[in-house]
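Engineer: Build me a structure from this.
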Amino acid sequence: MTGAKTWITCLLLILLFIWMGSASRPGEVVLWTGKFIFLISVLTLIISFVTPWISSFRRSRKSHMGLSVPEGDMEQQQKLVRIEQQEQLKQKASYYVENIMKPREESRLKRKMEHFYRMTGQSWKLTEGHMLGDGEGHDSLNNCDATDKAAETPNNEALRKRKLPEQATKPIPKLEPPPPKKIITLPEEPNEPGEGVISVALRCPSGRVFRRRFYKSCCSLVLQDWMMKLGYHSVFYALYTSSPRCQVELKTELSIENIGIIKDTLLNIEQNYS
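Structural biologist: Reported below is the predicted structural model:
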C-alpha cells in the first residue's frame, strides 16, 4: 500500500513539473522528464533499502523494552514445541501404519495365499469348515450323571462325540497271502547226444547264443523256463523259428517232439507283439 502511494505521488509531481516546464519553456520538457525519472528511481532504491532496516530496528527496540522472552525460557519453549511436533508426527505415522499399511499388506498376503491354494489344489483351506461332532450325542449327554461328567476326561468326551465315516469304522479285510514265487528248475541235461536227445540253441536279442541238450520227451514249457531263466520274461518275449519264421506254441500237454522239434534246432528270442 505504501509503495502504491509513493508511485502515485511521484507521478503527480512529474505531471506538475512537466506542466510548469511546458508553460514556461516547451523545449525543456524532455530534460525535466529525464531528471524526474532519475529522481524517482533513486527514491525507490533508497526506500527499498531503508524499509527493512527500520523494521528490524523496531523489533530490536521492542525486545530491549522487555517484550522478548528470556533465553532459557526460549530454549525450553522450543524444546517443548519440538517434542510436541515429534509426538504429532509419531501419531500420524502410527495411524498410517495401522489403518493403511497393515490392511494393505494383509489383503496382499491373503490374495497370494488364495492364489497359492488354488494353484496347488488346496482350495478347501479357503472355506470355514464345520466342527466335528456338533449337535451329536445330546441324548447320551442328558442321560449321563453329574458324577460321570465330572470324571470323564476331555479325550473320552471327544471320542464319545466323534462320529467317524463308515470307511473309517469298517473293519479292514484280511489280505490274502501272495502266491509263492515260482522257482524255475530245469531238468538235468543229458551228458552225450543220442537217441531221444536233441540240442536246442537260443539266440538272444543281443546276439548272444546259448545251447543246451534236452530229451525229446520233456515238456515243451521247459524251453519257456529256460528263456525266463536267461532273463527274458514270457509276457514280453516269445520263441520263434528261423525258417520259416513262426512262433513256437508251448503247452503243458505237448512235449518238445510234439511241437515239431525233432532235431537240433536254433530258436530266436523276440519280442511278443501278440
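Engineer: mind checking how far residue 233 is from residue 227?
Structural biologist: 8 Å (C-beta to C-beta, to the nearest Å). Yep, even glycine has a C-beta here, placed from its N, CA and C like the rest.
Engineer: Could you pull out the buried residues of stretch 221-239?
Structural biologist: Buried residues in stretch 221-239, counting neighbours by 16 or more other C-beta atoms under 10 Å, are found at 221-227, 232, 237-239.
Engineer: tell me the pLDDT at residue 156?
Structural biologist: For residue 156, the pLDDT comes out at 75.
Engineer: next one: residue 221
Structural biologist: 89.
Engineer: Where does the nearest residue to it once chain neighbours are set aside sit: helix, strand or coil?
Structural biologist: Of all residues beyond its chain neighbours, the one nearest residue 221 is residue 250 (5.4 Å), with distances taken as C-beta to C-beta, 6 or more residues apart in numbering. Secondary structure state of residue 250, per DSSP: H, G, I helix; E, B strand; the rest coil, is coil.
Engineer: could you measure residue 250 against residue 241, distance?
Structural biologist: 13 Å.
Engineer: Comparing the two, which residue is more hemmed in?
Structural biologist: residue 250 (19 against 15; other C-beta atoms under 10 Å).
Engineer: now that one: how far from residue 223?
Structural biologist: Relative to residue 223, and taking C-beta to C-beta, residue 250 is found at 6 Å.
Engineer: Need the overlap of contacts for those two.
Structural biologist: Counting by C-beta atoms under 8 Å, 6 or more residues apart in numbering, the contacts common to residue 250 and residue 223 are residue 239.
Engineer: For the chain, name the helix or strand with the lowest mean pLDDT.
Structural biologist: Every helix and strand of the chain was ranked by mean pLDDT, DSSP states H and E. The lowest is helix 138-143, at a mean of 49.
Engineer: Poorly predicted segments of the stretch 51-200 of the chain, please.
Structural biologist: 59-71, 129-152, 163-169 (pLDDT under 70).
Engineer: Show me the contact partners of the one helix or strand residue 116 maps to.
Structural biologist: Using DSSP states H and E, residue 116 maps to helix 102-119. For helix 102-119, the surrounding residues in contact (C-beta under 8 Å, 6+ apart) are 123, 125-126.
Engineer: Which member of those residues is positioned nearest residue 153?
Structural biologist: The closest of the contacts of helix 102-119 to residue 153 turns out to be residue 125 (C-beta to C-beta; 30.6 Å).
Engineer: residues contacting that closest one?
Structural biologist: residue 117.
Engineer: again, 10 Å this time
Structural biologist: 113-114, 116-117 (C-beta atoms under 10 Å, 6 or more residues apart in numbering).
Engineer: Farthest-apart pair in these, please.
Structural biologist: 114 and 116 (7.3 Å).
Engineer: Report how many residues lie close to residue 248.
Structural biologist: For residue 248, the neighbour count with other C-beta under 10 Å is 18.
Engineer: residues contacting it?
Structural biologist: Contacts of residue 248 by C-beta under 10 Å, 6+ apart are 220, 223-224, 238-241, 256, 259-261, 265, 267-268.
Engineer: mind checking how far the closest residue to residue 205 other than its chain neighbours is from residue 249?
Structural biologist: In space, residue 205 comes closest to residue 269 once its chain neighbours are excluded; the distance is 6.2 Å by C-beta to C-beta, 6+ apart. In this view, residue 269 and residue 249 are 16 Å apart by C-beta to C-beta.
Engineer: how much does the host helix or strand of residue 82 deviate in direction from helix 102-119?
Structural biologist: Counting by DSSP H and E, the element that carries residue 82 is helix 71-96. If you take axes from the mean of the first three to the mean of the last three C-alpha atoms, to 10 degrees, helix 71-96 sits at 20 degrees to helix 102-119.
Engineer: Could you list every helix and strand in contact with the longest helix belonging to the chain?
Structural biologist: Across the chain, the longest stretch assigned as helix under DSSP state H is helix 29-62. Here helix 29-62 touches helix 2-24, going by 3 or more C-beta pairs under 10 Å, 6 or more residues apart in numbering; DSSP states H and E.
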